[in-house]
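A.B. asks: got a predicted structure plus its sequence, pasted below:
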Amino acid sequence: MLRLVTIPISHYCEKARWALERADLPYREEPHVQGVHRLAARRAGGGATVPVLVTPGGVVADSADILEWVDGRIAPERRLFPAEPDALGEVKALCARLDSVLGPAGRRLIYVHMLAQRELMLDFNNRGVPRWEDRALRWGWPLAVGFVSRALGIRPGVEVQDEAVVWQELDSVAELLSDGRPYLCGDRFGAADLTFAALCAPVILPSDYGVALPQPEVVAPATAALVGRAREHPAGSYALRMIAEERRAAPAGRARV
């Protein structure tokens with residue numbers, strides 16, 4: 001049985017969940033809160049980050065590597081990565097950029113927003129984790145905020161920089177799509193589309209996600225405004241469409257046990 005160690009709300013963990021469920025590979029998710037996730041990841045054989053996928057043949061400890069691991073176990077017509085070397089290089093380069101630029105900026109941006117909304121953050125963040133972790137995070141909230149702030153490099157005003165980076169990345173994707181192509185790379189849904197849509201989650205808060213995310217009507221007005229702008233952006237709209245069309249094709253939980 002495959003085991004997937006996660007922080008439930010993590011958009012990198014969503015990449016792994018989506019890929020596994022799309023491939024109809026049964027797995028058991030082991031969700032943890034921030035901080036505890038490092039211990040769980042190392043105990044599973046990974047490093048300090050999640051997701052970590054534990055397989056009968058070894059440990060896969062990065063979301064990008066998990067996508068490739070999954071791709072080697074599905075039919076060619078369903079694969080996320082092209083076989084042709086030049087096309088493969090293009091896809092991997094775009095995925096790497098999204099992982100290293102959009103992913104961290106969007107994550108830190110939404111943490112700045114949500115850490116100021118304690119009860120709402122805890123309600124959604126802690127769903128499915130062990131009860132003792134839920135209680136510990138609530139009891140030690142100031143410590144948790146300090147840990148997350150140090151780990152992510154949150155400092156006064158960083159959200160302004162991160163929002164600019166997120167918008168630059170959305171503009172870049174919109175520019176790719178402006179020639180009328182149906183997908184980011186190639187003529188079918190692939191790794192770049194899945195990676196982009198999953199990593200957009202912090203700023204578009206999709207309803208089709210591996211776990212429940214707070215929707216604009218329940219978050220603070222400034223957060224709702226951010227989400228509204230991102231959803232209306234051509235690239236944000238594209239991400240929502242990919243999630244609606246492709247994530248629903250692999251309903252959350254179908255391949256979980």
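C.D. replies: Looks like it arrived, so ask away.

A.B. asks: from residue 22, how far out is residue 68?
C.D. replies: 14 Å (C-beta to C-beta, to the nearest Å). Where C-beta positions appear, they are placed from N, C-alpha and C, glycine not excepted.

A.B. asks: and residue 15, by the same measure?
C.D. replies: 11 Å.

A.B. asks: how far away from the center of its chain is the helix or strand harbouring residue 87?
C.D. replies: Assigned by DSSP states H and E, residue 87 belongs to helix 85-97. Using C-alpha atoms, centre = their mean, to the nearest Å, the mean C-alpha position of helix 85-97 is found 19 Å from that of the whole chain.

A.B. asks: elements contacting it?
C.D. replies: Applying 3 or more C-beta pairs under 8 Å, 6 or more residues apart in numbering; DSSP states H and E, one finds that helix 85-97 makes contact with helix 63-71, helix 191-199.

A.B. asks: pull the residues that contact the last one.
C.D. replies: Okay, so that is helix 191-199. 11-12, 14-15, 18-19, 22, 64, 67, 71, 80-81, 91-92, 94-95, 98-99, 102-103, 106, 173, 183-185, 206, 235, 238-240, 242-243, 246-247 (C-beta atoms under 8 Å, 6 or more residues apart in numbering).

A.B. asks: which of these are buried, as a ChimeraX select command?
C.D. replies: For the buried members of these, the matching ChimeraX selection, counting by 16 or more other C-beta atoms under 10 Å, is:
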select :11,12,14,15,18,19,22,64,67,71,80,81,91,92,94,95,98,99,102,103,106,173,184,185,206,235,238,239,240,242,243,246,247
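
A.B. asks: in helices only, show me the contacts of helix 191-199.
C.D. replies: In helices, defined here by DSSP state H, the members of those are 11-12, 14-15, 18-19, 22, 64, 67, 71, 91-92, 94-95, 103, 106, 173, 235, 238-240, 242.

A.B. asks: count of neighbours near residue 153?
C.D. replies: 10 (other C-beta atoms under 10 Å).

A.B. asks: brain fart, residue 47
C.D. replies: Residues within reach of residue 47, counting by other C-beta under 10 Å, total 12.

A.B. asks: could you do residue 114 as well?
C.D. replies: That count, for residue 114 with other C-beta under 10 Å as the rule, works out to 21.

A.B. asks: which one is it nearest to, not counting chain neighbours?
C.D. replies: Closest residue to residue 114 apart from its sequence neighbours, by C-beta to C-beta, 6 or more residues apart in numbering: residue 121 at 4.5 Å.

A.B. asks: you'd agree that neighbour is up against residue 113?
C.D. replies: No. Counting by C-beta atoms under 8 Å, residue 121 stays clear of residue 113, with 9.2 Å between them.

A.B. asks: right, and residue 239 touches residue 200 too?
C.D. replies: Yes. Judged on C-beta under 8 Å, residue 239 makes contact with residue 200 at a distance of 4.0 Å.

A.B. asks: overlap in contacts, these two.
C.D. replies: Shared contacts of residue 239 and residue 200, counting by C-beta under 8 Å, 6+ apart, come down to residue 206.

A.B. asks: residues near residue 218, how many?
C.D. replies: Residue 218 has 13 nearby residues by other C-beta under 10 Å.

A.B. asks: ditto for the one 10 residues further on
C.D. replies: Residue 228: 13 surrounding residues under other C-beta under 10 Å.

A.B. asks: so how far is stretch 81-91 off the chain centroid?
C.D. replies: Using C-alpha atoms, centre = their mean, the offset of stretch 81-91 from its chain centre is 23 Å.

A.B. asks: apologies, that question was intended for stretch 30-38.
C.D. replies: 15 Å.

A.B. asks: kindly report the same for stretch 77-87.
C.D. replies: Averaging C-alpha positions (C-alpha atoms, centre = their mean) puts stretch 77-87 22 Å from its chain's average.
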